[in-house]
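Student: sequence and predicted structure below; questions after.
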Amino acid sequence: MQQSQVRFHGSYQYVSKLALEDAIARARAHLADEELEEDSWVRYFVSRGAVLTVNVDVVDSPEHRFAAANVFLILAHGAIDGAVVARRGQATVDVFASGPDD
């Protein structure tokens, strides 16, 4: 039986490669604090220069969705442009737009 997934797809642009690396480090630190067994999906982020591209599937369980949402909020907060969209099937579940938290 296949587990349901939430797909996170999009990209963020940062002011510099250093800012991108800092955002990823903060996101990984958050996941380490969550102590989830299946946090390896962060390894599938792709960066090129100051752009981070995201195309990952996360297990559709409350703890994994909550951890993923926090990761994308952290990544969005440091970005100057872009967004990541969370979808369950064809339905949009959430959008994590770049910029500071409101």
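Tutor: Good, I have the coordinates.

Student: so, low pLDDT: which residues of this structure?
Tutor: For the chain, applying pLDDT under 70 flags the ranges 1-3, 34-43, 101-102.

Student: now do the helices in it.
Tutor: Assigned by DSSP state H, the helices in the chain fall at 17-34, 62-78.

Student: out of the ones you listed, flag the one nearest residue 93.
Tutor: Judged by C-beta to C-beta, the one of the helices of the chain that comes nearest to residue 93 is helix 62-78, at 8.1 Å. In this view, the C-beta of every residue, glycine as well, is placed from N, C-alpha and C.

Student: put the alpha carbons of that closest one into PDB.
Tutor: The C-alpha coordinates for helix 62-78 follow below in PDB (Å, rounded to 0.1, in the frame of the first residue of the first chain):
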ATOM      1  CA  PRO A  62       0.500  15.600  10.400                       C
ATOM      2  CA  GLU A  63       4.000  15.600  11.800                       C
ATOM      3  CA  HIS A  64       5.700  15.500   8.400                       C
ATOM      4  CA  ARG A  65       3.400  18.200   6.900                       C
ATOM      5  CA  PHE A  66       4.000  20.400  10.000                       C
ATOM      6  CA  ALA A  67       7.800  20.000   9.800                       C
ATOM      7  CA  ALA A  68       7.800  20.600   6.000                       C
ATOM      8  CA  ALA A  69       5.700  23.800   6.400                       C
ATOM      9  CA  ASN A  70       8.100  25.100   9.000                       C
ATOM     10  CA  VAL A  71      11.100  24.400   6.700                       C
ATOM     11  CA  PHE A  72       9.400  26.200   3.800                       C
ATOM     12  CA  LEU A  73       8.600  29.200   6.100                       C
ATOM     13  CA  ILE A  74      12.200  29.400   7.100                       C
ATOM     14  CA  LEU A  75      13.400  29.200   3.500                       C
ATOM     15  CA  ALA A  76      10.800  31.700   2.300                       C
ATOM     16  CA  HIS A  77      11.700  34.200   5.100                       C
ATOM     17  CA  GLY A  78      15.200  34.600   3.800                       C
END
